[in-house]
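Asks: return atomic coordinates for the entry below.
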Amino acid sequence: MICYNCLDYIPEAKPPLCRFCGRPINKGNPCRFCKKGTHIDYGRAFMLFIPPVDKIIHHFKYRKKTKLAIFLGRAMASIIKSDYFLKDADIIVPVPLFWWKNLRRGYNQAALLSKTISRECNIKINDIMKRIKNTKSQTKLNEEKRRKNVLNAFALKSNTIENKKIILIDDVMTTGATINECARVLKKAGAKKVYSCVAAITLG
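Replies: Have a look, this model is predicted:
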């Protein structure tokens, strides 16, 4: 887990926030990413994706430190339970990995976070999304290439979300391209509202 000393240095995402993705902003609302268009109705994040959070996420995502899902998930659940919009969501949907990446890694970090959040918030998980394209890693791509990389990369396993309020769960949001594309697919299938909640988010 995380030592108490490190907890003191975790930078939380605090207002003022983008009204769509929950990214901390210095001026203007929405943030520069959501200003270009978004399918997310509202979002929140626990931490800023700056040191030491980047190392925490790296260990969680690539070093099999899966117990971090409990700490991060509980923090995200606390945000959801106290948020006017998020607390009334009908279902939680984890952002999916492509099947072979899930097999190689051994887990989907978004799914692990979702399990903790579901238990803490008493909101059911619906693992309805699948990633149908083996996309490149977004890490070294610019904003436009990120958007094109995930375009049409997701599909639904079934259509049971009509008129539902959904929270998309993921570990990190940078430009928001991945979650935005997931939200587009969900909205197209009839979702009433699509929210997001992530463990960490980059500055705007």
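Asks: just the strands in the chain please.
Replies: Per DSSP state E, the chain carries strands over the ranges 42-48, 91-94, 124-125, 129-131, 154-156, 165-173, 193-201.
Asks: I'd like the ones you listed written out as TSV, with mean pLDDT, distance to Asn26 and mean neighbour count added.
Replies: Backbone N, C-alpha and C define where each C-beta goes, glycine included. As requested, those are exported to TSV (pLDDT from 0 to 100; distance: least, Cβ to Cβ, whole Å; neighbours: other Cβ atoms under 10 Å):
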stretch	mean pLDDT	distance to Asn26	mean neighbour count
strand 42-48	98	13	23
strand 91-94	98	31	24
strand 124-125	98	35	13
strand 129-131	96	33	19
strand 154-156	96	32	17
strand 165-173	98	18	25
strand 193-201	98	14	26
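Asks: tell me which of the ones you listed sits nearest to Ser137.
Replies: Shortest distance between Ser137 and these, using Cβ to Cβ, is found for strand 165-173: 12.0 Å.
Asks: what lines up beside the closest one in the sheet?
Replies: According to DSSP bridges, strand 165-173 forms sheet pairs with strand 91-94 (parallel), strand 193-201 (parallel).
Asks: wait, what's in contact with the spatially most central residue of the chain?
Replies: Centroid check for the chain by Cα atoms, centre = their mean gives Asp170 as the closest residue, at 2.8 Å. Each residue near Asp170 by Cβ atoms under 8 Å, 6 or more residues apart in numbering is listed here: 94-95, 110, 113, 178-179, 196, 198-199.
Asks: can you pull out the low-pLDDT segments for this structure?
Replies: Applying pLDDT under 70 to the chain flags the ranges 1-7, 136, 140.
Asks: can you give me the helices in it?
Replies: All helices of the chain, identified by DSSP state H, fall at 4-7, 53-62, 68-82, 99-105, 109-121, 143-150, 177-188.
Asks: between these, which gets nearest to Asn29?
Replies: So among those, helix 177-188 is nearest, using Cβ to Cβ, at 17.2 Å.
Asks: for the closest one, name the packing helices and strands.
Replies: The contact analysis (3 or more Cβ pairs under 8 Å, 6 or more residues apart in numbering; DSSP states H and E) places helix 177-188 against strand 129-131, helix 143-150, strand 154-156, strand 165-173, strand 193-201.
Asks: could the ones you listed be laid out in JSON lines, adding distance to Ser78?
Replies: Conversion of these to JSON lines gives the following (distance: least, Cβ to Cβ, whole Å):
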{"stretch": "strand 129-131", "distance to Ser78": "25"}
{"stretch": "helix 143-150", "distance to Ser78": "29"}
{"stretch": "strand 154-156", "distance to Ser78": "28"}
{"stretch": "strand 165-173", "distance to Ser78": "14"}
{"stretch": "strand 193-201", "distance to Ser78": "11"}
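Asks: quick one: the residue lying closest to Asn26 once chain neighbours are set aside from Gly22, how far?
Replies: The shortest distance from Asn26 to any non-neighbouring residue, by Cβ to Cβ, 6 or more residues apart in numbering, is to Gly204 (7.4 Å). Using Cβ to Cβ, to the nearest Å, we find Gly204 at a distance of 10 Å from Gly22.
Asks: so between those two, which is more surrounded?
Replies: Gly22 (27 against 19; other Cβ atoms under 10 Å).
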